[in-house]
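Peer 1: this is a predicted model, with the sequence first.
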Amino acid sequence: MKDNYCLQAALVCLLHSDIDAGDGNIKYILSGEGAGTIFVIDDKSGNIHATKTLDREERAQYTLMAQAVDRDTNKPLGPPSEFIDKDQDINDNPPEFLREIYHTNVPERSNVGRNISYQVTASDADNPTYGKSAKLVYSILEGQPCFSVEAQTGIIRTALPNMDREAKEEYHVVIQAKDMGGHMGGLSGTTRVTITLTDVNDNSAKFPKSKESKLVFDNDHCSARASSFLSLLIYPAFKRKSLEIQESFS
């Protein structure tokens, strides 16, 4: 019968004995897993009913034994009949992520499609072998166009080039996992991912600009160093990048 299905003692099974003459001398009894609590039998008709909601995630199947006996003596009128009640799964569990919030980093100015070294994963308690109840598809609800997520794996990637940490350092992304293969009617769950851009050396050192600069030297001992310093200031920028100056002060 269906998972989470109950209609005021829902009918599970109909039993009938070939030796039943209709005179009321046969009594049907039930034993096994859940007999008398979850499952009850009408001792006259042999109809078996479920008395409570069945949840496949709690228990997938029950094994029961039914037997016809003489109502007066309780002697068996034949061998017992075994039957197994297997709960058919329905889509009643939304996907759940392991965490509500994730944190990760990615270098600024990363190439488009770079894996941020993080994979968000969700799980679904529904039966993965029955239909698409547990087939998950990932999508991004917030965070476009800077980031994307792979629908089948949950891997997050950069989607824009030249993201600059100096312009924006932190991004908040919302990822959704939806069951039923992402189709209409599927259940969904979400998680948040905070992505921080880490710094790379993309800013060259610059001398401060001013309208007027003055250098004052109090003795002739510094004149040689002053000359070297002034030469560095006026040295062409494209050559200055590869120039290394080492001085030791006595």
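Peer 2: That came in fine, so what should we check first?

Peer 1: most centrally placed residue in this protein?
Peer 2: Per Cα atoms, centre = their mean, the C-alpha nearest to the average position across the chain is that of residue 122, at 2.0 Å.

Peer 1: who does that residue form a beta bridge with?
Peer 2: residue 97 (DSSP bridges).

Peer 1: hang on, it packs against residue 154?
Peer 2: Yes - counting by Cβ atoms under 8 Å, residue 122 touches residue 154, with 7.4 Å between them. Using the backbone N, CA and C atoms, a C-beta is placed for each residue, glycine as well.

Peer 1: who touches both of those two?
Peer 2: The contact sets of residue 122 and residue 154 overlap at 138, 177 (Cβ atoms under 8 Å, 6 or more residues apart in numbering).

Peer 1: so what's residue 81 closest to, chain neighbours aside?
Peer 2: Distance criterion Cβ to Cβ, 6 or more residues apart in numbering; nearest residue to residue 81, sequence neighbours excluded, is residue 66 at 5.1 Å.

Peer 1: which element, helix or strand, includes that neighbour?
Peer 2: strand 61-70 (DSSP states H and E).

Peer 1: how many other residues sit next to residue 151?
Peer 2: Residues near residue 151, counting by other Cβ atoms under 10 Å, number 15.

Peer 1: can you count the residues close to residue 46?
Peer 2: Around residue 46 there are 22 residues (other Cβ under 10 Å).

Peer 1: swap in residue 169?
Peer 2: 14.

Peer 1: try the one 10 residues further on
Peer 2: One way to gauge burial is a neighbour count; for residue 179, by other Cβ under 10 Å, it gives 25.

Peer 1: what's it sitting at in phi/psi?
Peer 2: Dihedral angles of residue 179 (phi, psi; degrees, to the nearest 10) stand at phi -90, psi -170.

Peer 1: and it, how far is that from residue 88?
Peer 2: Here residue 179 is placed at a distance of 17 Å from residue 88 (Cβ to Cβ, to the nearest Å).

Peer 1: over to residue 135?
Peer 2: Counting by Cβ to Cβ, the gap from residue 135 to residue 88 is 17 Å.

Peer 1: so if I had to pick from the two, which one is more boxed in?
Peer 2: residue 135 (17 against 14).
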